[in-house]
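Novice: Everything below, folded, please.
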Amino acid sequence: MRELGLGKLGTVLCLGAHSDDIEIGAGATILRLIRDNPDAHIVWVVCAASGIRGEEARASAERFLEGAGSSEVVLKDFRDGHFPHQWAEVKAFLETLKVHDPDLILTQYKQDLHQDHRILSELTWNTFRDHTILEYEIPKWDGGMGAPNVFVPASKADTDAKIALLMECFASQAGKHWFDDLTFRGLMRLRGLECNAPDALAEAFYARKLRLGY
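Specialist: Residues are numbered from 1 along each chain as shown. Predicted structure coming up:
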């Protein structure tokens, strides 16, 4: 499988419903994007990040974004688990992000079985009508994993760094049976197999529509 690059990005918008979503779904990819685009501006947005979860979200974002040319972390306090009932409020907030005019948007998977994830994905597409959007995936008890069509190979070093930061920054999640190295590395190994990644590891995304330049 031949690789298309993600270089020359000016602004990247990372959207997550919950405090660890961006890191789980796209952490290794973000580390790679920052290296490949050292002058890029990264806008990191978490919609439900209050209390200890908000503190964890900010600490984690700062660690992942250490090498970015510039960055902005935005934490909101929409009610976890109730995004369908806050549709108008979340939509209004996303409208305020259009000022960034991002070259790439990372958001949740449109068919994710968590209602907050689905709503955020829906509203991303509803708001950003002419942008490149990649939807990341979150493993969970509910299942619902799909067949992604975009793969970003991850180095072993980036995979190790991603998982170490997840374990270090999100102590509140340590008691959850799925929140561990085996879950995150196992999914990345599967996606690495599917794209024949050089280090056998990858993160996967869903692209509804892409325009390729030549």
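
Novice: Can you pull the poorly scored residue ranges out of the protein?
Specialist: 1-4, 214 (pLDDT under 70).

Novice: Tell me which stretches of it form helices.
Specialist: Using DSSP state H, the helices of the chain run over residues 21-36, 51-64, 87-96, 115-127, 156-169, 181-195.

Novice: Report all helices and strands that the third one contacts.
Specialist: In terms of contact count using 3 or more C-beta pairs under 8 Å, 6 or more residues apart in numbering; DSSP states H and E, helix 87-96 is assigned the packing partners helix 115-127. All C-beta spots, glycine's among them, are computed from the backbone N, C-alpha and C.

Novice: which residues touch the helix it packs on?
Specialist: For helix 115-127, contacts defined as C-beta atoms under 8 Å, 6 or more residues apart in numbering pick out 15-18, 21, 47-48, 80-84, 87, 90-91, 94-95, 97-98, 105, 107-112, 133, 135, 138, 208.

Novice: rerun that using 6 Å as the cut-off
Specialist: Ala17, Phe83, Pro84, Val90, Lys91, Leu94, Thr107, Gln108, Lys110, Asp112, Glu135 (C-beta atoms under 6 Å, 6 or more residues apart in numbering).

Novice: and what of stretch 155-170?
Specialist: 20, 23, 27-28, 31, 56, 59-60, 63, 181, 184, 188, 199, 201.
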